[in-house]
Every structure is written in structure tokens, then in C-alpha cells.
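Chemist: using only what follows, build the 3D model:
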Amino acid sequence: MNVQMSMIQKDTQRPVVIISIITALCLLGDSMLYIVLPIYWKEVGLNALWEVGVLLSINRLVRLPMTPLIGLLYRKISLRKGLIFAVILAVVTTIGYGVFKGFLMWLILRSIWGIAWSFLRMGGYLSVINYSDKSNRGLLMGRYNGISRLGSLVGMLVGGVLVPLFGIQTVSIAFGLLIIAGIPFVSIYVANTKVNDSKDAEVQEKRIKQQVIWTKPVMKIISTSLIVNLMIAILSATVSLLIDTNYSKPLMFMGFVVTSTMLSGLLQAARWAWEPFLATWVGYRSDGPRGRIPIFILVLIGSAIGYALVPWHFPIYVWCGIILFIFANSTALSTLMDAMASDVARHSSVVTVMTVYSVAADVGSALGPMLIYLLMNLSHGMIYMYIGSALTFLLLALWQRPNLIAKFMIFTSGKSVRR
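Modeler: Residues are numbered from 1 along each chain as shown. Modelled structure (predicted):
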């Protein structure tokens with residue numbers, strides 16, 4: 001019986017692992033650009049640095065209107081077709097980086113990549129839901145997130161090494177050809193079925209007609225996703241600036257001078273390196289009998305402590321340790337929120353809930369940098385923003401279990417009565 005169960009688990013996990021590897025491959029070209037484009041922008045026919053900023057952000061702006069449309073499309077097509085289309089778009093854009101030059105052509109390529117990423121991410125979420133149940137959903141979501149984000153690590157590191165040697169065109173075409181290898185695996189391992197093709201499809205259809213999609217748990221995870229992604233984006237957008245401001249003197253590491261951008265990149269790379277292990281472990285732990293909420297509350301409190309410490313001047317190694325601690329919490333937060341969204345979506349409309357959840361995450365990620373740089377002009381604006389973020393994390397923790405406040409008040413009042 002145990003052998004049979006383990007074989008069933010392997011069969012359900014294999015498609016998710018395959019999809020996460022393919023997603024990682026598709027991320028190679030996009031992640032490479034964040035390292036090499038600010039340096040080699042003239043090589044691809046750009047005329048000014050502001051064009052680099054537009055190209056690196058346009059894909060995120062495209063995702064905002066496109067994700068709901070892609071969510072609707074996934075109601076009509078199978079996961080296999082959606083993912084194959086996404087891989088084809090990723091191939092076109094990545095090879096296109098090596099073939100085309102000029103701002104206009106690259107604007108089109110980056111916009112197409114935004115569509116490809118929406119297909120990939122929605123396909124990944126829906127695949128985890130499709131191939132999991134309550135006992136392993138957190139594990140599979142963690143595994144998907146962890147493996148797929150390795151593409152960002154490899155794209156930045158390998159691209160950063162190879163582009164100076166061979167040029168951005170050659171490396172982009174090589175990455176694009178590598179992505180093509182993922183298409184046969186999607187055809188073999190991903191079922192040609194829709195997400196709603198399940199035993200509870202009739203129940204879901206009935207609930208949709210009764211307009212009970214937007215239940216309290218659904219709205220809660222969507223709101224939480226927007227707020228948490230906003231605060232994660234604030235840190236990502238200001239790490240280099242914080243290093244440059246608080247540690248303006250040249251930093252020496254093993255005899256090498258480390259710039260603020262280099263140190264920021266190393267810290268980010270460390271996060272992606274542990275993602276496959278930490279995300280999988282957190283997801284697995286959240287599948288236990290106590291559920292995801294206790295772990296989620298603990299991680300929110302840890303994030304609050306970390307954010308409260310960020311704006312202050314510590315020794316550089318201590319400060320880097322704080323940033324790595326926050327990044328570890330961010331990995332756990334992303335995995336837990338994805339798993340919680342999948343849980344509530346399973347009891348509502350899977351495609352609709354995951355679509356809105358994805359849009360909320362994108363909106364939060366887009367608002368974070370805008371908000372922090374608006375408040376930067378205020379006196380001590382950075383400190384206020386991080387202290388405010390810490391308090392927000394604490395409020396989110398209390399929101400997950402509002403009865404904790406009542407229990408605490410009862411406990412303290414009872415204690416004073418006994419005195």
C-alpha cells in the first residue's frame with residue numbers, strides 16, 4: 001500500500017516538476033537582461049538609458065490587463081495548449097533579443113514576454129492545483145516556485161559571465177534554442193485537460209452561478225497578496241540605495257572592491273540559490289495537521305522584525321544578515337500565499353480566483369517602488385516607510401487570527417483580577 005501511494009505521489013509530482021523546469025528555462029533570457037542590458041544597451045541599438053528602464057518594466061505593465069484575459073482563455077483551452085503557447089512566445093522573445101535591434105522592436109519583444117510570463121505563471125498555478133490535493137499542495141507549490149526561480153539565478157550568473165565574452169546576441173540565441181527543448185516535455189507530461197474538468201466541476205459551476213466566488217477567505221488572501229507583494233517590492237527597489245547611502249565607503253571582500261549594485265546582486269542571488277530547498281520545505285511543513293496559518297503568522301512577525309531593523313546603520317555584515325533573513329521570510333511568504341490562494345480557489349472558481357490573485361500580486365509589485373520613491377523626498381522618508389511596513393506586517397499577522405487580540409485581552413484582564 002505504501003509503495004502504491006508513493007508511486008501515485010511521484011506521478012502527480014512529475015508534471016509539476018517538469019513545468020517548473022520549463023518555466024526556469026523560459027526565465028533565462030529575461031533575467032539575463034536585468035544584469036547585462038544596463039551595461040550593453042548600445043549593443044542592442046538603444047539610444048539612452050531611460051529606454052533601458054522602460055524595457056525592463058513594460059512587461060510588468062502589460063501583465064496587468066493581460067492576466068485577466070489569459071485567465072478567461074484558460075477556461076477554454078487545456079493547460080497543455082496554454083503552456084506550449086507560452087514556451088513558443090518565450091522562444092520568440094529570447095531569440096529576438098539576439099536578432100533584432102532598436103527600441104521599438106525591443107519594446108514589442110518585451111511586451112510579448114509579458115504575455116508569455118502571464119501564460120506561464122497562470123499555467124503553473126493551475127497545474128499545481130490540478131495535480132495536488134490538500135495533503136501535498138503546499139509541497140508542490142513550494143517545489144514549483146523554488147525550481148522555476150532557479151532560472152533567474154542561472155540567467156543572471158551565466159548571462160553575466162558569457163555576454164562579455166560572446167555578446168548579448170549570441171547568448172540570447174543560445175538561451176532561446178535551449179528553451180525549445182521544453183516543448184516536447186510539455187506535450188508528454190502535461191495532461192490535455194482543462195482545470196475545471198474535475199469531479200467537483202458541477203459543484204463549482206453551481207457556486208459560480210450563485211455568485212459566491214468572492215467569499216471572505218478569497219478576499220482575504222487577495223488583499224494580503226497585494227499588500228505583501230507591495231512591501232517585498234519596496235525592499236527589492238531600495239537595497240542598492242540603502243547600501244550606497246549607509247555604507248558609502250568602498251567595501252572590501254576577500255581583497256576585492258564590492259560596489260553597492262554588486263552587493264545587492266549577490267544578496268539577491270543568495271535568495272534564488274536557496275529557493276528550491278526553502279520553498280519546498282516551507283510548503284511541505286504547511287501541509288501538516290496544523291495547517292498554513294500558524295507558519296504564516298510566524299513568518300509575518302519575522303518580516304516585521306526584519307523591516308524594522310533595515311533602515312538603521314549596523315555593521316555591514318550584520319545588516320546583510322538582516323537582509324538575508326528578510327529574503328528568507330519573503331520566500332516563505334510567497335510559497336505560503338500561493339498555497340493558501342490555491343486552497344481557497346479549490347472551493348470557489350479556480351481560474352477566476354487565481355487570475356485575480358495574480359493581478360493583485362502584480363499591482364502590489366508595481367506600486368511598491370512608486371510609493372517608496374515618492375516618500376523618499378520627505379525627511380526620514382525611508383525610515384518611516386520601513387517602520388510603517390513593519391507595523392503593516394504585524395497587523396496582517398493579527399488579521400490572520402483576530403481572536404488572538406481577544407485572548408490576549410482576556411488573559412491580561414484575568415491576570416490583573418487575580419492580583
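Chemist: so where's the stretch 1-150 of the chain uncertain?
Modeler: Scanning the stretch 1-150 of the chain for pLDDT under 70 picks out 1-12.
Chemist: quick one: the helices in it?
Modeler: Secondary structure of the stretch 1-150 of the chain (DSSP state H, counting those that start in this stretch): helices located at 2-36, 49-76, 79-99, 103-130, 137-148, 150-166.
Chemist: please produce CSV containing these, extended by mean neighbour count.
Modeler: (Each C-beta comes from the backbone N, C-alpha and C, glycine too.) Formatted as CSV, the helices of the stretch 1-150 of the chain follow (neighbours: other Cβ atoms under 10 Å):
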stretch, mean neighbour count
helix 2-36, 19
helix 49-76, 17
helix 79-99, 22
helix 103-130, 22
helix 137-148, 26
helix 150-166, 18
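Chemist: Throw those into a markdown table and include distance to residue 328, thanks.
Modeler: Formatted as a markdown table, the helices of the stretch 1-150 of the chain follow (distance: least, Cβ to Cβ, whole Å):
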| stretch | distance to residue 328 |
| --- | --- |
| helix 2-36 | 20 |
| helix 49-76 | 24 |
| helix 79-99 | 29 |
| helix 103-130 | 22 |
| helix 137-148 | 13 |
| helix 150-166 | 15 |
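Chemist: looking at these, which is nearest to residue 286?
Modeler: Nearest to residue 286 among these is helix 137-148 (3.9 Å), distances taken as Cβ to Cβ.
Chemist: which stretches of the stretch 201-350 of the chain have low pLDDT?
Modeler: The model of the stretch 201-350 of the chain has pLDDT under 70 over residues 201-213, 240, 248-262, 264-265.
Chemist: try 90
Modeler: Along the stretch 201-350 of the chain, the model assigns pLDDT under 90 to residues 201-221, 230-277, 279-280, 283-293, 311-317, 319-320, 338-339, 341-350.
Chemist: can you pull out the strands in it?
Modeler: All strands of the stretch 201-350 of the chain, identified by DSSP state E, counting those that start in this stretch, fall at 251-253, 256-258.
Chemist: pick out the residue closest to the middle of this structure.
Modeler: residue 334 (6.3 Å; Cα atoms, centre = their mean).
Chemist: can you tell me how far that one sits from residue 175?
Modeler: The gap separating residue 334 from residue 175 is 25 Å, by Cβ to Cβ, to the nearest Å.
Chemist: spatially, what comes nearest to residue 217 if we skip its sequence neighbours?
Modeler: Nearest residue to residue 217, sequence neighbours excluded (Cβ to Cβ, 6 or more residues apart in numbering): residue 344, at 4.5 Å.
Chemist: hang on, I meant residue 47
Modeler: Leaving aside its sequence neighbours, residue 47 sits nearest to residue 103 (Cβ to Cβ, 6+ apart; 6.9 Å).
Chemist: right, and the one you found touches residue 51 too?
Modeler: Yes - using Cβ atoms under 8 Å, residue 103 is in contact with residue 51, at 4.9 Å.
Chemist: before I go, just wanted to say thanks for your time.
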